[in-house]
Every structure is written in C-alpha cells, then in structure tokens.
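Chemist: Provided below are the primary sequence and the corresponding predicted coordinates.
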Amino acid sequence: AQSVTQLGSHVSVSEGALVLLRCNYSSSVPPYLFWYVQYPNQGLQLLLKYTSAATLVKGINGFEAEFKKSETSFHLTKPSAHMSDAAEYFCAVSDRGVPGYGGSQGNLIFGKGTKLSVKP
Amino acid sequence: DAGVIQSPRHEVTEMGQEVTLRCKPISGHNSLFWYRQTMMRGLELLIYFNNNVPIDDSGMPEDRFSAKMPNASFSTLKIQPSEPRDSAVYFCASTRTGYGYTFGSGTRLTVV
C-alpha cells in the first residue's frame, strides 16, 4: 500500500529564505508523486507532479521537487520565500497508475500537510 | 472554464437532519472524487467515480453516507442522519486522462 509522510506540521521561514518541505513516500510500485497547495478557505491546487520522467520537477510559483528513489523522498523547495507562499502544502502519492494520466484510474493518498508561515 | 463547482459553500444543520452536498465537475472529466478534510484526520478519500460508476467507496465512514453520480456533470454526497462528528470541509475533485486533479472550493459543514 502507498503512503506519504510529511515531516513537520508547521514550518516557518523568513521572507527571502530557502523553503524546504519534506515528504517521504512508501510504495510497492513505481510511484507517481504530487505536491498540492491550499490557501485559506480554498481547495487544493496542483503545484507539480512526478510521473517517472525527469527526477527534478519544476512547478508553478518557483517551486521544484526532486525525486530520490534511494531516499524514498520527494522534498519541495523554493530558493526564496515570498509572503504569498504562506499556505498549507500537501504531498500525495497515486495508489494505482496515474489518476488522469493514463493507465488505470487510481486515487491520490495525501500526507497530513505542512503549514508554511513566512515572516517579514 | 468555471472549474469544479461545489454547493453550498457553507452548511449549518442540526443533528439528525439530512444534508446533501453537490458537485459539478469540469466538463469532459471522467473521474470524480469526494474528500473530507478535518484537523484530526487530514484529507480522507470517501469515494470516487470513473465514468459515473463508483469504483471505490471503502472510505465512506458508514451507512449514513451515500454518494451518487447520475450523469457526467453532477454528483451528490448525502449524509442522513447527520451527526456533529460529520463536521468537516468536504471537497470534490475531478480529472481526466492527461490532466491532474482539479479541486472545488469545498463545502464547510457544521452539524450542531
């Protein structure tokens, strides 16, 4: 069974500092991994996805994530935090194929989320 | 594209009442998912449909919960009778081949 663990329920950084949000996954099959962002009182928005192509994935708003099979990790980074990055971030793994990306339709299993605060 | 549309945005109801949450997926999407989000349990998948057919409802908490998708453009999640522990934000998401999930803005349910 697939699962994800997000280390740290809260992360606080200063504006302009590096953002690092950690995600480790467990999967019995080659995983498909995703990062989503949730702003207050809104739904989740896709930041980026890994679907077995390049291991370094670039997403929206300057975020990127690197798939490291040896470490079973998919950490999210951004070189310089902006106040508008304050939100909750969710890592997710697909449990069967890539939902919406061909193959059998699966579903996403989400981590507990990491709330990012950005200090001025 | 109006995105995934959920209604109502907020619902306050008394314990024991029936609650119906509605979702209109993006036109052309063939998979639809219902999630529940709480502080304690995070995001939980309740049920998902593929081409209007329920594929996995193992996340539905109990028989008080039911979901339908009578056509490709509409789905409902019903709770009858509702209980205070059902209070949460309920999200609907849709997708199709080649696209990622698109989430609606959610319905915040409060059962008093």
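Modeler: Thanks, I have it. Numbering: from 1, shown residues only, chains lettered A, B, ... in the order given.

Chemist: Enumerate the residues of chain B near chain A.
Modeler: Within chain B, the positions adjacent to chain A are B:4, B:29, B:31, B:33, B:42-43, B:45, B:48, B:50, B:55-56, B:91, B:93, B:95-106 by Cβ under 8 Å from any Cβ of the partner chain. Quick note: C-beta positions are derived from backbone N, CA and C, even for glycine.

Chemist: Among these, name the buried ones.
Modeler: Buried members of these, counted by 16 or more other Cβ atoms under 10 Å in any protein chain shown: B:4, B:29, B:31, B:33, B:42-43, B:45, B:48, B:50, B:55-56, B:91, B:93, B:95-96, B:99-106.

Chemist: Now go through the residues you listed and say which are in strands.
Modeler: B:31, B:33, B:42-43, B:45, B:48, B:50, B:55-56, B:91, B:93, B:95, B:102-103 (DSSP state E).

Chemist: Give me the most central residue, chain B.
Modeler: Centroid check for chain B by Cα atoms, centre = their mean gives B:W34 as the closest residue, at 3.6 Å.

Chemist: Am I right that that one is in contact with B:K68?
Modeler: No: if you go by Cβ atoms under 8 Å, B:W34 and B:K68 don't touch, sitting 10.8 Å apart.

Chemist: what touches both of these two?
Modeler: Listed contacts common to B:W34 and B:K68 are B:S75; contacts here mean Cβ atoms under 8 Å, 6 or more residues apart in numbering or on different chains.

Chemist: What helix or strand is A:V57 located in?
Modeler: strand A:56-58 (DSSP states H and E).

Chemist: do whatever helix or strand comes next after that strand and chain B meet?
Modeler: Next helix or strand after strand A:56-58 toward the C-terminus (DSSP H and E): strand A:64-68. No: Strand A:64-68 lies apart from chain B when judged by Cβ under 8 Å from any Cβ; the minimum separation is 14.2 Å.

Chemist: Contacts for strand A:64-68, please.
Modeler: A:23, A:33, A:35, A:48, A:50, A:55-59, A:73-78.

Chemist: repeat for stretch B:63-78
Modeler: Residues outside stretch B:63-78 that contact it (Cβ under 8 Å, 6+ apart) are B:18-25, B:27, B:30, B:32, B:34, B:46-47, B:49, B:51-54, B:57, B:60, B:79-83, B:86, B:90, B:92.

Chemist: picking that back up, what's the closest of the ones in strands among the buried ones among the residues of chain B next to chain A to A:F90?
Modeler: B:L43 (6.8 Å; Cβ to Cβ).

Chemist: low-scoring stretches of the chain, by residue?
Modeler: As the question left the chain open, I've gone with chain A. Along chain A, the model assigns pLDDT under 70 to residues A:95-106.

Chemist: meant chain B actually
Modeler: Checking chain B against pLDDT under 70 turns up B:1, B:97-99.
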